[in-house]
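> have a look; sequence and predicted model below, questions after that.
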Amino acid sequence: MYLLAIFIAVLLDWLLGDPYSWPHPVKLIGNFISLFLKGQPNSPKGKYVYGFFLWLTTVGLTAGMSYLLLRAFARFSPVLYWVLWIYLAYTSLSTRCLAMEALKVLKTLKTGTIEDARYQVSMIVGRDTSQLTAEEISKATIETVAENTSDGVIGPLLCLFIGGPVLAMAYKAVNTLDSMVGYKTEKYRQIGFVSAKLDDLANLIPARITWICLMIASHILELDSKNACLIGFRDRYQHASPNSAFSEAVVAGALGIQLGGAHIYHGEWVDKPTIGDAVRPVEFTDIQTTIQMLYMSTTVSLLLFSAVYLLLTII
């Protein structure tokens, strides 16, 4: 039933995504973080300490509430337990949501104005989008899909196989904290220090598994898999994060484009290294190809994790 539940969760993610009107644990986590931030101290040292308790409280409550809810449902009804299990597992995955947001940007680039496209991409990136060109908008979208293939899909999927929805929800809390306060800007430098560092730690293994799965996906999709491997290996550390460039480098190599570079985040200029070679200009159609790599690498990881799970079950 465990393996079947995961497959159902993945299928629900692919079919339904995250409807805005539905209750979602990540929304609750985000609201809690925003509320917690209102009480932060003014001193730099106090912010570091407060940031630690922000992380500990957010992750602890998320895991604890998930565990208690599952345990309560299990005592009441095995059927309701598995319904909740699958629902929490499904909400930990973001494949369709990520793809749909990227497709919105793609559609706007095709049929809308540059201002519309800038607004649309601002919904999924943290950088300033007010002056981005069409090519830069495409780059930002590709980078977001590539990076979130790891922490939005393959990472939580790995957690589901290891520790079920409790671990997956804790992982989502770690990622949400990093996305909200983990930016290396003056505003979040102290308060988000712990969240950023522990997010890096939590994603060390998922990022490298995603790296391999994306290489396999590039071969299956008949992209430039040789270059995906070459650039994926060469530029895997070309990022401030020890993890983000792993997926971005493979995608850049497979598409023959260059990603990365400096951008404005929350009003501050952040210098970032480039990833890949500018063999050709980035086109908006590359967004669609990146989405295909997202789905294919997710499929590869699902089959890989399932095979390992079945092997360990037999042993």
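Happy to help now that I have it.

> which element is residue 60 on?
If you go by DSSP states H and E, residue 60 is part of helix 44-76.

> which residue ranges of the stretch 151-300 of the chain form helices?
Applying DSSP state H, counting those that start in this stretch to the stretch 151-300 of the chain gives helices spanning 155-181, 193-202, 204-220, 225-234, 244-255, 285-314.

> out of those, nearest to residue 40?
For residue 40, the closest of the helices of the stretch 151-300 of the chain is helix 155-181, at 9.7 Å, according to C-beta to C-beta. Using the backbone N, CA and C atoms, a C-beta is placed for each residue, glycine as well.

> the closest one packs against which elements?
Helices and strands touching helix 155-181, as assessed by 3 or more C-beta pairs under 8 Å, 6 or more residues apart in numbering; DSSP states H and E, comprise helix 2-16, helix 25-37, helix 44-76, helix 78-91, helix 193-202, helix 204-220, helix 285-314.

> if we use 6 Å, what do you get?
helix 25-37, helix 44-76, helix 78-91, helix 193-202 (3 or more C-beta pairs under 6 Å, 6 or more residues apart in numbering; DSSP states H and E).

> could I get those as a markdown table with distance to residue 104 and mean neighbour count?
Listed next are the helices and strands packed on helix 155-181 as a markdown table, based on distance: least, C-beta to C-beta, whole Å; neighbours: other C-beta atoms under 10 Å:
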| stretch | distance to residue 104 | mean neighbour count |
| --- | --- | --- |
| helix 25-37 | 19 | 16 |
| helix 44-76 | 28 | 16 |
| helix 78-91 | 21 | 18 |
| helix 193-202 | 26 | 19 |
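
> closest to residue 112 out of those?
Across these, residue 112 has its closest neighbour in helix 25-37 (27.4 Å, C-beta to C-beta).

> which secondary structure elements does the closest one contact?
Judged by 3+ C-beta pairs under 6 Å, 6+ apart, helix 25-37 is in contact with helix 44-76, helix 155-181.

> phi, psi of residue 127?
Phi and psi for residue 127, reported as degrees, to the nearest 10, are phi -80, psi 170.

> who's it bridged to?
On the basis of DSSP bridges, residue 127 is bridged to residue 265.

> what score does it have for pLDDT?
If you check residue 127, the pLDDT there is 77.

> follow-up on the earlier one: so which of the helices of the stretch 151-300 of the chain is the most surrounded?
For the helices of the stretch 151-300 of the chain, the largest average neighbour count (mean count of other C-beta atoms under 10 Å) is found in helix 244-255, namely a mean of 30.

> what angle do that one and helix 193-202 make?
Orientation check (axes from the mean of the first three to the mean of the last three C-alpha atoms, to 10 degrees): helix 244-255 against helix 193-202 gives 50 degrees.

> what's helix 244-255 in contact with?
143, 146-147, 149-150, 207, 210-211, 214-215, 218, 223-224, 227-228, 231-232, 235-239, 259, 275-276, 286, 290 (C-beta atoms under 6 Å, 6 or more residues apart in numbering).

> as TSV, the helices and strands packed on helix 25-37 with mean pLDDT would be great.
What follows is the helices and strands packed on helix 25-37, written out as TSV (pLDDT from 0 to 100):
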stretch	mean pLDDT
helix 44-76	93
helix 155-181	95
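
> now distance to residue 1 too, for those, in TSV please.
Below are these laid out as TSV (distance: least, C-beta to C-beta, whole Å):
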stretch	distance to residue 1
helix 44-76	13
helix 155-181	12
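
> residue 114 is nearest to which of those?
Closest among these, using C-beta to C-beta: helix 155-181, at 25.9 Å.

> distance check, residue 231 against residue 279.
Distance, residue 231 to residue 279, using C-beta to C-beta, to the nearest Å: 10 Å.

> once you drop chain neighbours, what's closest to residue 237?
In this structure, residue 237 finds its nearest non-sequential neighbour in residue 245, 6.0 Å apart by C-beta to C-beta, 6 or more residues apart in numbering.

> my error: substitute residue 161 in the last question.
Residue 161 sits nearest to residue 305 (C-beta to C-beta, 6+ apart), 4.7 Å away.
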